[in-house]
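Next comes the sequence, and after it the predicted model I'd like to discuss.
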Amino acid sequence: MAKPATDDARKVALRLIAGLREGQGLSDQSAALRGLPVSVQARAMRLAATTLRHRGRADAVLEGFMSRRPPAPVQDVLQLATVEMLELGGAAHGVVDAAVNLTRGLGRKGQAAAGMVNAVLRKVAGYEGWAALPPQHLPDWLRGPVVQAYGETAVRAIEAAHQAGAPLDLTLRPGAAPQIEGAVALPTGSLRLAAQGQVSALPGFEDGQWWVQDAAAALAVRALDPQPGERIADLCAAPGGKTLQLAAAGAQVTAVDISKSRLARLRENLARTGLKAELVASDVLAWQPESAPDAVLLDAPCSATGTIRRHPDLPFLRDGSGIAELIALQARLLDHALMLLKPGGRLVYATCSLLPDEGEEQILDALARHPGLAVETAELQGVEAGWVSPGGGLRLRPDYWPERGGMDGFYIARLRKGR
Ligand SMILES: C[S@@+](CC[C@H](N)C(=O)[O-])C[C@H]1O[C@@H](n2cnc3c(N)ncnc32)[C@H](O)[C@@H]1O
């Protein structure tokens, strides 16, 4: 008989997956986890995330054993059970029994489908081609432009990186050297851990020696090269990985973000690390500092398509319909940030997107709008020559460093304002 905790985790994982159809991402659904033992929460999250990472492959297997696709909640059960057996090595007997019970719990349609679920999953249990199935494709709205930008072979490698998921990267405070078992120093300076355990239990968390930040994200501040005492505006700052880097370098940081709840997380991060920054809750477009900053970091809101390794729900939540609006907002934010910056000052523009429209193209358009503005190629430790795009910015992709565990997709450009 399956353990009750495992059954609970499956039930919660299915609730989380169903929530995507209501537009709720995995991390938006913490209410579904409230009150459950931590182990069940962790197992449910892992099951839901793994199912989403392999959903397309599970469908490919299931299609071979069904003449018609069942209603969505039944398909969710089939996908979850398929991934549990073929990817996570769950014992067929327990997984199939649990899936049949979960299907029966879906009301009248579920009662009618239980026999089919039982029969199909017994066949799935004997399926032998799982390892050879290609990673699931990006959704069409994203795949098209990304294939156009990087080519089919690169996109397959990006899809493989999404399937593999992400390790845990830490940015160290200058001088910190925490002893974390299994941690490996990356060429760019971040520390990487393969295992995703409880972050707050790792050495150096309590005394703020480091913070969690993907290795690609950490390069935006390195490109800005903050100097002690410089006045730096960190625009779109929360939850603040980059604010912490700027403050740790000794800069006087003003961190601006429109979201009060995200700024509260930034405040917690500052308290834990003992680092200092002035926090401003405001729309960047309405913010006017008393004097022009020496440098600006603009980590603009974007499609976040570079973070699918860590957010496997994203392809199922978005349909690309909001991208044009985001691109227009990024351009307005960039113009405003340039207007605030002192003449001759530097500005780093960053987006965690795979789409050139939110990166390379955005900068080309800004250069055309602002005579005197120039892109500077930042020479950074550990950055490979092939990551520098023809326009001089850094194009980072999830398929880079495959032997090390990849990195988030990012675009980072350092600009110099005319005098
Ligand atoms: C990519 S995230 C920033 C991540 C952050 N820089 C870090 O390193 O942790 C984008 C942020 O932009 C903020 N944002 C979106 N539109 C904004 C606006 N018009 N003014 C200020 N902040 C905005 C969001 O609240 C979100 O926190």
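Okay, I see it.

give me phi/psi at the residue nearest the centre of the chain?
In the chain, the residue lying closest to the centroid (Cα atoms, centre = their mean) is residue 307, at 2.7 Å. Reported as degrees, to the nearest 10, the phi and psi values for residue 307 are phi -110, psi 20.

Show me what the helix or strand of the chain with the lowest mean pLDDT is packed up against.
The element with the least model confidence among the helices and strands of the chain, by mean pLDDT, DSSP states H and E, is helix 4-20, at a mean of 91. If you count contacts as 3 or more Cβ pairs under 8 Å, 6 or more residues apart in numbering; DSSP states H and E, helix 4-20 packs onto helix 38-53, helix 72-86, helix 92-104. Every C-beta, even on glycine, is put in place using the N, C-alpha and C of the backbone.

Could I get the buried residue list for it?
6-14, 16-20 (16 or more other Cβ atoms under 10 Å).

Compile these into CSV and extend it with columns for distance to residue 171.
Listed next are the buried residues of helix 4-20 as CSV, based on distance: Cβ to Cβ, whole Å:
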residue, distance to residue 171
6, 36
7, 39
8, 36
9, 32
10, 36
11, 37
12, 32
13, 31
14, 36
16, 29
17, 32
18, 36
19, 31
20, 31
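
what about the helices in this protein?
Taking DSSP state H, the helices of the chain run over residues 4-20, 38-53, 55-63, 72-86, 92-104, 108-125, 140-150, 152-164, 218-224, 241-248, 260-273, 314-317, 323-340, 360-369.

residues in the stretch 301-419 of the chain within reach of the ligand, list them.
residue 301 (Cβ under 6 Å from any ligand atom).

per-domain residue ranges of the protein.
Here the domain parsing of the chain from automatic domain parsing is 4-130, 214-416.

What residue in the stretch 1-150 of the chain comes nearest to the ligand?
residue 27 (13.5 Å; Cβ to the nearest ligand atom).

can you tell me which residues contact that residue?
residue 311 (Cβ atoms under 8 Å, 6 or more residues apart in numbering).

Residue 32 is nearest to which of the helices of the chain?
Each of these has some distance to residue 32 by Cβ to Cβ; the shortest is helix 4-20, at 5.1 Å.

report the angle between the axes of that closest one and helix 72-86?
For helix 4-20 against helix 72-86, the angle by axes from the mean of the first three to the mean of the last three Cα atoms, to 10 degrees is 130 degrees.

Put the alpha carbons of helix 4-20 into CSV.
Only the C-alpha atoms of helix 4-20 are listed here, as CSV (Å, rounded to 0.1, in the frame of the first residue of the first chain):
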residue,chain,number,x,y,z
PRO,A,4,-0.3,8.4,2.9
ALA,A,5,2.4,11.1,2.7
THR,A,6,3.2,10.0,-0.9
ASP,A,7,-0.5,10.0,-1.8
ASP,A,8,-0.9,13.5,-0.2
ALA,A,9,2.0,14.8,-2.3
ARG,A,10,0.5,13.4,-5.5
LYS,A,11,-2.8,15.0,-4.7
VAL,A,12,-1.2,18.4,-4.0
ALA,A,13,1.0,18.1,-7.1
LEU,A,14,-2.1,17.6,-9.2
ARG,A,15,-3.7,20.6,-7.6
LEU,A,16,-0.7,22.7,-8.4
ILE,A,17,-0.7,21.5,-12.0
ALA,A,18,-4.4,22.2,-12.3
GLY,A,19,-3.8,25.7,-11.0
LEU,A,20,-1.8,26.5,-14.1
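
still on that earlier bit, same list, the buried residues of helix 4-20, but as CSV with distance to the ligand please.
Shown next, in CSV, are the buried residues of helix 4-20 (distance: Cβ to the nearest ligand atom, whole Å):
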residue, distance to the ligand
6, 35
7, 37
8, 33
9, 30
10, 33
11, 32
12, 28
13, 27
14, 30
16, 23
17, 25
18, 27
19, 22
20, 21
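
coming back round to it: which one of the domains of the chain has the most crowded surroundings?
domain 214-416 (a mean of 20; mean count of other Cβ atoms under 10 Å).

got the end-to-end distance for that domain?
Distance across domain 214-416, first residue to last, is 26 Å (Cα to Cα, to the nearest Å).

if I look at the residue nearest to the centre of the chain, how far off is residue 190?
Here the criterion is Cβ to Cβ, to the nearest Å. By it, residue 307 lies 16 Å from residue 190.

hang on, isn't residue 362 packed against residue 327?
Yes: taking Cβ atoms under 8 Å as the definition, residue 362 is a contact partner of residue 327 at 7.0 Å.

pLDDT averaged over stretch 145-154 - what is it?
Mean per-residue pLDDT for stretch 145-154: 98.

Ok, stretch 31-49 next?
92.

Contacts for that stretch, please.
Against stretch 31-49 from outside (Cβ under 8 Å, 6+ apart): 5-6, 8-10, 12-17, 19, 26, 80, 83-84, 88, 165, 312-313.

what's the answer for stretch 254-272, then?
Residues contacting stretch 254-272 (Cβ under 8 Å, 6+ apart): 205-206, 208, 211, 231-241, 243-244, 247, 276-284, 287, 289, 293.

any idea how far that stretch is from the chain center?
19 Å (Cα atoms, centre = their mean, to the nearest Å).

got it, and stretch 193-205?
Going by Cα atoms, centre = their mean, where stretch 193-205 is centred and where its chain is centred differ by 18 Å.

what does it rub up against?
167-170, 176, 178-180, 182-184, 206, 209-210, 212, 272, 405.

in that stretch, what's buried?
Quick answer for stretch 193-205 (16+ other Cβ under 10 Å): 193, 202, 204-205.

Could you dump the helices of the chain into TSV and include distance to residue 382?
Formatted as TSV, these follow (distance: least, Cβ to Cβ, whole Å):
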stretch	distance to residue 382
helix 4-20	36
helix 38-53	28
helix 55-63	33
helix 72-86	35
helix 92-104	43
helix 108-125	43
helix 140-150	21
helix 152-164	18
helix 218-224	9
helix 241-248	15
helix 260-273	23
helix 314-317	27
helix 323-340	27
helix 360-369	22
